[in-house]
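Q: no sequence on this one, just coordinates:
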C-alpha cells in the first residue's frame, strides 16, 4: 500500500514540476502589470492609519526555497500614491511601562519578519505618557528567531511630528514568545488595546521538508490557530486545525483563516467554523487574507506542486500562476482575477487602493500592481 502511495506522489511531483514556466527573473513588465522592483519577498502588507501607505514585510523566505539558507528580512513603507519604498528605522524602547506583550521580553537579536498586522489607534494609559501616543497604532510582526515570536511596535502616521526622527521609524515596545521551540507562526491579527492576538501556527518547524510535503500533499493537519492574551498566554482555538494555516484577519468579531493546502478559507464566528473551498485538490490555495473596509482581499496560488520548481535558488521570481479575490464578510466571492505568464507569480497578498490592487509574493524581488 505504502509503495503505491509513494508512486502516486512521485508521479504527481513529476507532473507538477514539468510545467514550462516563463523565465521572469528580469524585473520588466510584460504589459499586464506595473512593477515596483528591488525588494525581497514582499510577503505581507498592513495599512498605516492616517495615510495612504502600507507596511511591507520583506520576508526572510522559507529555507526550503533558498537551499536551506535563512535570509535576514526587514520592514518597509510603500506609498500607495507614488510607489516609493522606504525602509523603516527601528528604535528600541526597552523598559517601557506600556504593558504590551509578555513581562520581561527583551529585544530580538535577529529580525526575520513574516506576517504582519496593525491595530489602529491603540489606547495606552499610564503616568507621564506623551500625548503623541493618542495617535499611535500597534504593529505586530511574526519574527522567526530561534524561537518564533510576535514583536510589537508603535507606528505613527506621517502627520505626527517626531522632531528627532528623519526617516520612517517604528518603535519596538515588546513581544510574545512562541509557546514551543517548534512553533512556526505564519500570520497574526491583534484584536484589543492590550495587544491580544490570534496567530496561525503553520507547522512544527522540526518536521523535515519531505515529510511535511507528503503531509501537505495528502492534506493531513499540520497546524492550528493560537490565541494569546497577557493574562492566559497561548491557547489553541478549538476546531482550528488544518493543512498549512496561513493568513489570518478579522472583521468585527469574526476570524478568517486561510488554509493554504486545504485550498480553503474558514470563518470562525461565535464558536462556529464555516469553510469555503476556493481551489480544488492540487489546484492551489489561498495565502494571505486582508480585511479592508469590511471586505476580504485574498491572494493565493493556482498550483500546489508548481512551487517545487521555485526551490531552485537561481529563480528569483517564482513564476507560478496566481489569483486575487475579493469577498464579503459572509465569504461570498465578489471579484476574482487570475494571472499566468505575466512578470509575476506566487502571489501571497493583495491590497486595494482606489482603482488599483497591489500584490505581494512569498518569493519575489518585486511588487505588482493591476488596475481593476
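A: Sure, I can see it. None of these values were measured; they are calculated from a predicted model.

Q: ok, how many other residues are close to residue 95?
A: The number of residues packed near residue 95 is 5, by other Cβ atoms under 10 Å. C-betas here are computed from N, CA, C, even on glycine.

Q: please settle this for me: is residue 153 part of a strand?
A: Yes - applying DSSP: H, G, I helix; E, B strand; the rest coil, one finds residue 153 inside a strand.

Q: run through the chain and note the low-pLDDT ranges.
A: 1-19, 62-70, 125-131, 161-165 (pLDDT under 70).

Q: try it again with 80
A: Scanning the chain for pLDDT under 80 picks out 1-20, 61-71, 121, 123-134, 159-166, 209-210.

Q: distance of the spatially most central residue of it from residue 283?
A: With distances taken as Cα atoms, centre = their mean, residue 115 lies nearest the centre of the chain, 3.3 Å away. Using Cβ to Cβ, to the nearest Å, we find residue 115 at a distance of 24 Å from residue 283.

Q: what does residue 193 give?
A: Residue 193 is 41 Å from residue 283, by Cβ to Cβ.

Q: what's the answer for residue 186, then?
A: Residue 186 is 21 Å from residue 283, by Cβ to Cβ.

Q: just residue 273 next, same as before
A: Taking Cβ to Cβ, one finds residue 273 at 23 Å from residue 283.

Q: ok, residue 308 next?
A: 15 Å.

Q: list the beta-bridge partners for residue 266.
A: residue 257, residue 275 (DSSP bridges).

Q: meant to ask about residue 249, not that
A: Under the criterion used (DSSP bridges), residue 249 bridges to residue 256.

Q: this structure: helices as residue ranges?
A: 2-17, 209-217 (DSSP state H).

Q: the shortest one - contacts with which helices or strands?
A: Spelled out, it's helix 209-217. helix 2-17 (3 or more Cβ pairs under 8 Å, 6 or more residues apart in numbering; DSSP states H and E).

Q: grab the nearest non-local neighbour of residue 58.
A: In this structure, residue 58 finds its nearest non-sequential neighbour in residue 40, 4.5 Å apart by Cβ to Cβ, 6 or more residues apart in numbering.

Q: residue 73 is in contact with the one you found, correct?
A: Yes - using Cβ atoms under 8 Å, residue 40 makes contact with residue 73 at a distance of 6.9 Å.

Q: now do the shared contacts for those two.
A: 58-59, 61 (Cβ atoms under 8 Å, 6 or more residues apart in numbering).

Q: now, which of the residues you listed sits nearest residue 233?
A: The closest of these to residue 233 turns out to be residue 59 (Cβ to Cβ; 26.4 Å).

Q: mind listing what's buried along stretch 242-251?
A: 242-251 (16 or more other Cβ atoms under 10 Å).

Q: which residue sits closest to residue 364 in space, ignoring its chain neighbours?
A: residue 317 (5.2 Å).

Q: for the one you found, what are its contacts?
A: Neighbour list for residue 317: 24-25, 27, 343-345, 361, 363-366 [criterion: Cβ under 8 Å, 6+ apart].

Q: can you turn the buried part of those into a PyMOL selection?
A: A single PyMOL command selects the buried members of the contacts of residue 317 (16+ other Cβ under 10 Å):
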select buried, resi 24+27+343+344+345+361+363+364+365+366
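
Q: what comes into contact with stretch 202-213?
A: 64, 148, 180-186, 215, 222-223, 244-246.

Q: got a PyMOL select line for the buried ones in the residues you listed?
A: Of those, the buried ones can be selected in PyMOL as follows, counting by 16+ other Cβ under 10 Å:
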select buried, resi 64+148+183+184+185+186+215+222+223+244+245+246
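
Q: between the contacts of stretch 202-213, which is nearest residue 269?
A: residue 245 (17.2 Å).

Q: in terms of contact, does the closest one touch residue 223 like I think?
A: Yes - here residue 245 reaches residue 223: they are 4.6 Å apart, a contact under Cβ under 8 Å.

Q: which neighbours do these two share?
A: Joint contacts of residue 245 and residue 223 (Cβ under 8 Å, 6+ apart) are 200-202.

Q: let's see if you can find the most crowded of those residues.
A: Ranked by neighbour count (other Cβ under 10 Å), the shared contacts of residue 245 and residue 223 have residue 200 at the top, with 28 neighbours.

Q: check contacts around the residue nearest to it when sequence neighbours are not counted.
A: Of all residues beyond its chain neighbours, the one nearest residue 200 is residue 245 (3.9 Å), with distances taken as Cβ to Cβ, 6+ apart. Shown in contact with residue 245 (Cβ under 8 Å, 6+ apart): 186, 200-202, 222-225, 257-260.

Q: quick one: residue 245 from residue 296, how far?
A: Distance of residue 245 to residue 296, computed by Cβ to Cβ: 16 Å.

Q: got it, and residue 52?
A: 21 Å.

Q: looking at those two, which is more packed in?
A: Taking neighbours as other Cβ under 10 Å, residue 52 and residue 296 compare with residue 296 leading, 28 against 14.

Q: pretty sure the more buried one sits against residue 326.
A: Yes - Residue 296 is within contact range of residue 326, at 7.0 Å (criterion: Cβ under 8 Å).
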